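**Q** Next come a sequence and a model predicted from it.
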Amino acid sequence: MKERHFSFLKFFIFIILIISLIVAYGFLIEPKLIKVKEYKIAVKNLPNNFDGFKIVHITDIHFGRVFDIESLNKLVKSINEQEPDIVVLTGDLIDKDTKMTSELSSKISNSLSKLETKAGKYAITGNNDLNFDEWTNIISGANFINLNNSYDEIYKNGYESIFITGLSTEKDKLNVNEKLKTPIEYLNSFEKNGPIYKILLIHEPDTVDEITNNPFDLILAGHSHAGQVRLPLIGPIFLPDGAKKYHESHYKIENKDLYISNGLGVSNFNFRLFNTPSYNVYRLVKGSE
């Protein structure tokens with residue numbers, strides 16, 4: 001009887017030790033890792049000058065929670081090694097609980113300004129960013145184009161262009177289709193020879209179902225954190241409003257590609273498990289979709 005009791009005690013201690021190690025890993029190690037996820041997107045009739053066009057997609061940094069200037073500088077170095085054509089930021093650069101100061105704002109902007117691209121940097125707001133008036137200054141100071149409810153065209157050694165537009169976070173309570181009205185009117189103004197590829201940036205991925213007229217080829221989103229904690233055989237645990245339906249890495253919706261990055265930071269609590277922070281790299285290549 002004593003031997004059985006001792007064996008049970010050892011087993012109980014072993015289980016407690018394993019759980020403690022997992023919890024410690026989720027708090028202390030995994031949130032500080034960075035993984036790069038690479039995707040190849042085949043585009044029919046892609047011009048030669050855009051073959052291999054590289055997009056780096058970052059989202060949900062939540063600066064001020066786990067991310068600090070040192071980790072932001074590390075991220076910038078990693079992205080520059082990718083030699084991207086463009087970098088896109090799909091919201092929640094700043095965490096809602098961050099104590100923002102003008103000095104900190106300048107440091108964030110200075111760090112992001114060191115991102116090197118061949119064709120530009122673009123950003124939209126996430127729901128956390130709306131808490132900070134400094135967001136606009138940070139983005140402009142880092143030479144990002146504020147793409148909230150606006151658009152741009154990207155050219156590369158030719159007359160063909162890639163069209164890119166973005167939506168501000170749904171938290172601003174503005175109608176999605178009204179925000180897209182001007183970009184879509186611009187696209188509809190072409191009878192022929194319009195942009196050869198159309199990209200939409202959104203923060204909350206479930207927004208895609210609210211778009212009445214969706215002419216976009218590639219939609220990039222964040223917000224979901226892929227559940228922040230993902231358990232084997234169960235999947236994501238904490239899915240925020242706006243990412244209840246779409247939260248996995250890729251969806252095909254009526255021949256449109258929706259990619260959702262699981263983000264770089266943490267929200268509400270400094271814990272990630274079986275869900276390493278990451279950013280996405282997309283390479284456009286000639287081929288059939």
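**A** That came in fine, so what should we check first?
**Q** Now the most centrally placed residue in the chain. Nearest residue, chain neighbours left out?
**A** Centroid check for the chain by C-alpha atoms, centre = their mean gives Thr59 as the closest residue, at 2.9 Å. Among residues not flanking Thr59 along the chain, Gly222 sits closest, at 2.9 Å (C-beta to C-beta, 6 or more residues apart in numbering). Yep, even glycine has a C-beta here, placed from its N, CA and C like the rest.
**Q** before we move on, what about Ser249?
**A** Closest to Ser249 by C-beta to C-beta, 6+ apart is Ile260, at 6.1 Å.
**Q** residues in contact with the one you found?
**A** 205, 220-224, 226, 243, 246-251 (C-beta atoms under 8 Å, 6 or more residues apart in numbering).
**Q** pretty sure Glu83 is touching Phe53, no?
**A** No. Taking contacts as C-beta atoms under 8 Å, Glu83 lies outside contact range of Phe53: 11.7 Å.
**Q** Between the two, point out the one with more neighbours.
**A** A count of neighbours by other C-beta atoms under 10 Å puts Phe53 above the other of Glu83 and Phe53, at 23 against 11.
**Q** quick one on the thing from earlier: let me know whether the residue nearest to Thr59 touches Leu93 as I believe.
**A** No. With contact defined as C-beta under 8 Å, Gly222 does not count as touching Leu93 (10.4 Å).
**Q** Could you tell me which residues touch both of the two?
**A** By the contact definition C-beta under 8 Å, 6+ apart, Gly222 and Leu93 are jointly contacted by Gly126.
**Q** Could you list every helix and strand in contact with the host helix or strand of Thr136?
**A** Secondary-structure assignment from DSSP states H and E places Thr136 in helix 134-141. Applying 3 or more C-beta pairs under 8 Å, 6 or more residues apart in numbering; DSSP states H and E, we find helix 134-141 packed against helix 102-112, strand 145-146.
**Q** same thing but at 6 Å, please
**A** For helix 134-141, the elements it packs on are helix 102-112, judged by 3 or more C-beta pairs under 6 Å, 6 or more residues apart in numbering; DSSP states H and E.
**Q** Next secondary structure after the helix it packs on?
**A** strand 120-124.
**Q** roughly how far out does that next one sit from the chain middle?
**A** How far strand 120-124 lies from its chain's middle: 12 Å, per C-alpha atoms, centre = their mean, to the nearest Å.
**Q** contact partners of stretch 279-289?
**A** Residues outside stretch 279-289 that contact it (C-beta atoms under 6 Å, 6 or more residues apart in numbering): 37-44, 46, 51, 53-58, 82, 261.
**Q** need the helices for the protein, in chain order.
**A** Under the criterion DSSP state H, the chain contains helices at 2-24, 69-81, 102-112, 134-141, 176-179, 181-188.
**Q** And the pLDDT at Met1?
**A** Note for Met1: predicted pLDDT of 54.
**Q** Identify the residue nearest Gly158 in space, chain neighbours excluded?
**A** Asn49 (4.5 Å).
**Q** Run a quick check on that neighbour versus Lys156, I expect a contact.
**A** Yes. Counting by C-beta atoms under 6 Å, Lys156 is a contact partner of Asn49 at 5.1 Å.
**Q** of the two, who's got more company?
**A** Per other C-beta under 10 Å, whichever of Asn49 and Lys156 has more neighbours is Lys156, with 16 against 13.
**Q** and that one, what does it touch?
**A** Contacts for Lys156 were tallied using C-beta under 6 Å, 6+ apart; they are Asn49, Phe50.
**Q** Check it and give its pLDDT.
**A** For Lys156, the predicted pLDDT is 91.
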